[in-house]
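1. compute the structure for the input listed below.
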Amino acid sequence: MHVSLSIWAIVLAISAPATGLAEQEVQRDAQESGCLICHQGIEPIRQPDSEMMRQIVAMGRKLGDPAGCVVCHGGDPCATVKEEAHQGEAFYADPGSPWINEFTCGACHPEHIGAQWNSLMMTEAGKIQGTAWAFGSLEGYEHKWGNYDAHNPDDADERLGTKAYRVYMERLAALEPGAFPDAMTTLPEAPTDLEDLAAHPEQSAFTYHRGECQRCHLAVKGRQERGDYRGMGCSACHIPYGNEGLYEGNDKAIPKDEPGHLLVHSIQATREAKVTVHGKTYSGIPVETCTTCHDRGKRIGVSFQGLMESAYHSPYTEGGGGQLDLHTKHYIAMQEDIHYQRGMMCQDCHTSFDVHGDGFLTGTNLAQVEIECSDCHGTPKAYPWELPLGFMDEFQSPPITGDPRGVATELPSPTEQGTEYETHDGHLLSARGNPFPEIVRQGNHVVVHTAGGKDLELKPLKLLEIEKRLSVEARVAMCQVGLHLETMECYACHSTWAPQCYGCHVKVDYSDSARSFDWVAAGHQHEETEHAADADESNYDTFMPGEVKEQRSYLRWEDPALGVNGEHRVTPVIPGCQVAVTVIGPDGETIVKNHIFRTTPGTEGSGAEGQIGVDMSPAQPHTTGHARSCESCHLSEKALGYGIGGGRLNRPWDEAVVVDLMTADGEVLPESARPQIEPMTGLEADWSRFVTEEGRQLQTVGHHFSGSRPLNEKERANMNRQGLCLSCHQEIPTESVAVSLLHHVAQYADALPKNSEQHAGLVHKVLLFSAWGQAGGAVVLPLAGLAGLGWLILRRRAKKRTATAPATLETVDSDRENNS
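-> So this is what the prediction gives:
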């Protein structure tokens with residue numbers, strides 16, 4: 001026991017008061033801790049010399065537990081039998097659970113605990129509104145439903161953050177009140193009276209919500225599948241769980257072959273919180289912790305890691321099995337986000353307010369996230385600290401202007417509780433006015449102190465421009481074409497790929513007593529006093545009628561289409577909730593089949609019937625890298641919103657496809673023939689086509705903000721350069737005498753361009769020749785005209801002078817001779 005408790009002896013020795021305790025006393029105290037009699041070898045929750053550990057041990061001593069376990073876990077530290085030590089409502093197997101963390105984490109972090117119930121990770125209001133939109137815009141553009149009842153504080157000054165941030169957020173809430181609600185009510189119950197389904201199949205949305213979409217919110221432990229293991233509340237992020245859900249620490253009381261346990265008993269947080277696993281020490285919150293939840297919807301977590309969902313199980317594993325399920329899916333390996341490649345974690349960009357919230361409700365992630373790319377990178381004309389607050393986060397047009405935002409020298413509560421870094425020339429500010437604790441200015445450089453221990457120095461775009469280190473492509477895109485930075489998100493170009501799951505086929509089956517687990521009901525069961533301290537939902541009977549299954553039509557990842565997001569900026573758009581619903585009734589009858597609901601009449605460019613509830617969603621794909629090519633936008637029908645291949649590659653989705661013996665005229669011969677592909681009634685164009693060449697909107701494009709939409713006619717005209725090659729090649733080689741002459745000379749001189757570089761050089765030469773020719777003509781010809789006019793004027797004046805000049809001597813003599 002002495003060996004297994006030695007780490008706790010160190011903890012207690014460090015934490016002892018100045019008068020000190022003899023080492024023997026420390027050892028004795030550790031052995032007398034009832035918790036450690038069973039939990040021999042367990043890892044300290046923080047490093048022994050950390051301030052947090054010192055405080056825990058000091059508090060534990062006052063509670064009769066020299067090891068400090070009861071500070072977080074409660075229970076009886078004097079008991080030596082598990083049933084006695086763990087009994088009662090005051091024992092917390094998961095101290096991070098939001099149902100009890102006001103007594104645990106909240107003792108030191110009250111602001112985070114106070115904000116949690118209004119955070120987006122708790123309400124999941126965006127997911128709820130998105131699914132409700134697909135089932136007939138049940139909420140409209142509002143975000144009135146959450147997992148629990150919630151409302152904003154009465155005092156606007158209770159919003160966490162700086163004063164500038166609070167003022168800014170009040171402006172945004174006034175611009176987009178639907179995305180910044182004052183209150184939310186609990187998501188409606190799933191249907192239990194199944195007789196009403198035939199008349200109201202849209203009610204199946206709530207079965208879908210509660211059984212699939214809502215399992216990630218922080219008030220439940222969620223689905224226990226490979227890659228999905230996590231804790232609740234604070235523990236969901238701050239306690240490490242491996243993808244297999246197995247404990248790999250040294251506590252002999254925790255089984256190592258039973259999934260559902262933490263990886264080791266340590267807190268992961270900022271840089272100074274060190275976690276050791278099998279002799280490897282790390283800091284920060286690994287990205288895989290975040291992807292425990294962020295693997296659905298826009299899939300930003302797995303995309304950041306370079307994982308694209310696949311419909312196939314390949315490649316085979318040892319013994320011939322398929323690829324292992326991860327988040328119940330399979331993947332292909334894509335290029336990771338450049339920030340991930342450089343060793344950055346999600347928390348190195350995303351602020352405390354992005355993830356914890358600021359105490360006030362938001363309806364979607366674009367409303368809660370306060371950061372922009374320019375906060376660190378600036379623009380070629382301005383350093384980050386020279387930009388006004390709100391730059392690239394306008395939620396209005398045109399781009400915002402104002403005084404330079406500067407830097408901060410002090411951190412607001414509660415961000416000062418993290419790792420403290422040297423301020424240098426000041427902390428950079430987010431677009432909304434909060435300082436980044438880990439990102440500082442050093443001269444004209446920016447230093448990012450990552451949670452993982454790296455100190456990354458970057459040169460802002462303005463410094464790269466001054467040093468002439470921007471590539472030709474970068475200078476053209478950012479300096480010479482001003483509309484790009486004025487109207488576009490940086491990631492509209494710099495997203496190297498994006499997950500595009502076209503068509504979401506949802507089947508909600510109520511037949512044969514099929515049922516699903518209701519994650520929202522499970523959360524509300526925790527709300528009951530006797531279940532508040534429950535560590536999971538494994539013993540809950542919160543089942544509801546109906547089983548949900550999903551499928552896709554097809555998957556893509558390359559060159560996402562472009563649209564406009566809620567910030568009124570051009571952005572990648574990817575399939576959102578493109579739902580076609582099939583509902584099977586309790587007796588096995590098909591209530592609706594492949595049904596696409598419609599939005600409220602008059603919305604999203606529609607008429608009296610409403611728009612089809614199929615959505616292309618503005619997204620930040622989190623796949624940042626080298627910019628996509630100019631051609632991938634300016635020569636692409638897909639980028640314009642016209643669909644993959646202009647939507648011409650697919651047959652009409654709203655017509656059944658029969659495959660059987662047919663005549664040459666397409667008449668089906670067997671009477672037994674059945675449709676191979678069922679029709680999707682209402683889907684008149686391909687899933688990827690959301691606007692016509694004439695500007696008619698075919699799908700919804702975002703539904704959280706008033707500004708989201710397809711590119712308008714002017715934007716598409718500015719962007720579209722299809723057919724550009726014909727402007728030259730319609731004359732080459734023989735359609736024009738001059739062109740034919742030059743072409744043949746170049747041909748015989750072996751000077752015709754043979755590759756892209758030579759072709760670009762020729763076009764560049766032609767451009768310069770034409771420009772100088774026209775500029776020369778515009779200057780030289782008028783000058784020549786003026787010179788000619790001046791010459792004529794001078795000539796006339798000379799003639800006039802000659803005609804009126806006095807007679808010369810010779811003229812007089814001649815006259816005299818004639819007279820004689």
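
2. just the mean pLDDT for the lengthiest strand in the chain, thanks.
-> The longest strand of the chain (DSSP state E) is strand 570-584. For strand 570-584, the per-residue pLDDT values average out at 97.

3. CA atoms only: put it into PDB for me.
-> What follows is strand 570-584, C-alpha atoms only, in PDB (Å, rounded to 0.1, in the frame of the first residue of the first chain):
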ATOM      1  CA  VAL A 570     -20.000  34.600 -49.300                       C
ATOM      2  CA  THR A 571     -19.300  31.200 -47.800                       C
ATOM      3  CA  PRO A 572     -19.200  27.500 -48.600                       C
ATOM      4  CA  VAL A 573     -22.600  25.800 -48.500                       C
ATOM      5  CA  ILE A 574     -23.000  22.100 -47.900                       C
ATOM      6  CA  PRO A 575     -26.100  19.900 -47.500                       C
ATOM      7  CA  GLY A 576     -27.800  20.700 -44.200                       C
ATOM      8  CA  CYS A 577     -31.100  18.900 -43.400                       C
ATOM      9  CA  GLN A 578     -32.000  17.600 -46.800                       C
ATOM     10  CA  VAL A 579     -34.700  15.400 -45.400                       C
ATOM     11  CA  ALA A 580     -37.100  13.100 -47.200                       C
ATOM     12  CA  VAL A 581     -39.300  11.300 -44.600                       C
ATOM     13  CA  THR A 582     -40.900   7.900 -44.600                       C
ATOM     14  CA  VAL A 583     -43.200   7.200 -41.700                       C
ATOM     15  CA  ILE A 584     -44.500   3.700 -41.000                       C
END
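
4. what angle do the helix or strand that that strand is followed by and strand 570-584 make?
-> Beyond strand 570-584 in the direction of the C-terminus, DSSP states H and E gives the next helix or strand as strand 590-595. With axes from the mean of the first three to the mean of the last three Cα atoms, to 10 degrees as the basis, strand 590-595 and strand 570-584 are set at 160 degrees to each other.

5. need the residues that contact the helix or strand following strand 590-595.
-> The C-terminal neighbour of strand 590-595 among helices and strands, as given by DSSP H and E, is strand 614-618. By Cβ atoms under 8 Å, 6 or more residues apart in numbering, the surrounding residues in contact with strand 614-618 are 130, 133-134, 298, 366, 561, 563-566, 571-580, 596, 641, 683, 687, 690, 699-703, 708, 710. C-beta here means a position set from N, CA and C on the backbone, and glycine is covered the same way.

6. again, 7 Å this time
-> By Cβ atoms under 7 Å, 6 or more residues apart in numbering, the list of residues contacting strand 614-618 from outside reads 133-134, 298, 561, 563, 565, 571, 573-578, 596, 690, 699-703, 708.

7. that strand pairs with which strands, and in what direction?
-> The strands that strand 614-618 pairs with in its sheet are strand 570-584 (antiparallel), strand 700-701 (parallel) (by DSSP bridges).

8. below-threshold pLDDT in the stretch 701-820 of the chain: ranges please.
-> Of all residues in the stretch 701-820 of the chain, those with pLDDT under 70 make up the ranges 805-820.

9. please enumerate the helices of it.
-> With DSSP state H, counting those that start in this stretch as the definition, the stretch 701-820 of the chain shows helices at residue ranges 713-719, 726-729, 737-748, 756-803, 809-819.

10. next: the stretch 351-500 of the chain.
-> Taking DSSP H, counting those that start in this stretch as the test, the helices found in the stretch 351-500 of the chain are 352-356, 365-368, 374-377, 461-466, 472-475, 482-487, 491-494.

11. now render those as a markdown table, adding distance to H327.
-> Listed next are those as a markdown table, based on distance: least, Cβ to Cβ, whole Å:
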| stretch | distance to H327 |
| --- | --- |
| helix 352-356 | 20 |
| helix 365-368 | 19 |
| helix 374-377 | 30 |
| helix 461-466 | 36 |
| helix 472-475 | 36 |
| helix 482-487 | 36 |
| helix 491-494 | 24 |
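
12. wait, which of the ones you listed is closest to D455?
-> Proximity of the helices of the stretch 351-500 of the chain to D455 was assessed by Cβ to Cβ; the nearest stretch is helix 374-377, lying at 14.1 Å.

13. off-centre distance for the closest one?
-> The chain centroid and the centroid of helix 374-377 are separated by 17 Å under Cα atoms, centre = their mean, to the nearest Å.

14. who's in contact with it?
-> With contact meaning Cβ under 7 Å, 6+ apart, helix 374-377 is reached by P384, L387, F391, M392, L428, S430, A431, I439, V446, L458, P460, L461.

15. the same query, at a cut-off of 10 Å, please.
-> By Cβ atoms under 10 Å, 6 or more residues apart in numbering, the residues outside helix 374-377 that reach it are 349, 351, 382-385, 387, 391-393, 405, 428-432, 436, 439, 446, 448, 458-462, 464, 485, 489-490.

16. still on that earlier bit, so how far is the longest strand of the chain off the chain centroid?
-> The mean C-alpha position of strand 570-584 is separated from the chain mean by 16 Å, Cα atoms, centre = their mean.

17. need the residue closest to the centroid of this protein.
-> Among the residues of the chain, the one closest to the centroid is Q620, at 3.9 Å (Cα atoms, centre = their mean).

18. now render the helices of the stretch 701-820 of the chain as TSV, adding mean neighbour count.
-> Written out in TSV, the entries for those read as follows (neighbours: other Cβ atoms under 10 Å):
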stretch	mean neighbour count
helix 713-719	14
helix 726-729	10
helix 737-748	12
helix 756-803	10
helix 809-819	9
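
19. which one, of those, ends up nearest to D337?
-> helix 713-719 (25.4 Å).

20. can you show me the CA trace of that closest one as PDB?
-> Extracted as PDB, the C-alpha positions of helix 713-719 are listed here (Å, rounded to 0.1, in the frame of the first residue of the first chain):
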ATOM      1  CA  GLU A 713     -27.900  37.700 -59.900                       C
ATOM      2  CA  LYS A 714     -25.200  40.400 -59.600                       C
ATOM      3  CA  GLU A 715     -22.900  38.100 -57.600                       C
ATOM      4  CA  ARG A 716     -23.300  35.200 -60.000                       C
ATOM      5  CA  ALA A 717     -22.600  37.500 -62.900                       C
ATOM      6  CA  ASN A 718     -19.500  38.900 -61.200                       C
ATOM      7  CA  MET A 719     -18.300  35.400 -60.500                       C
END
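
21. run through the neighbouring helices and strands of that helix.
-> Helix 713-719 is packed against helix 482-487, strand 561-564, helix 631-634, helix 637-640, with contacts defined by 3 or more Cβ pairs under 10 Å, 6 or more residues apart in numbering; DSSP states H and E.

22. pick the most deeply packed of those.
-> Mean neighbour counts were taken over the helices and strands packed on helix 713-719 using mean count of other Cβ atoms under 10 Å, and the top value, a mean of 26, falls to strand 561-564.

23. what about that strand, average pLDDT?
-> This predicted structure assigns strand 561-564 an average pLDDT of 98.

24. could you dump it to PDB, C-alpha only?
-> Once non-C-alpha atoms are left out, strand 561-564 reads as follows in PDB (Å, rounded to 0.1, in the frame of the first residue of the first chain):
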ATOM      1  CA  ALA A 561     -20.900  25.400 -53.700                       C
ATOM      2  CA  LEU A 562     -21.000  29.000 -52.500                       C
ATOM      3  CA  GLY A 563     -23.800  31.000 -51.000                       C
ATOM      4  CA  VAL A 564     -24.300  33.800 -48.500                       C
END
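
25. ok, the residue nearest to the centre of the chain touching P560?
-> No - using Cβ atoms under 10 Å, Q620 and P560 do not qualify as a contacting pair, with a distance of 11.1 Å.
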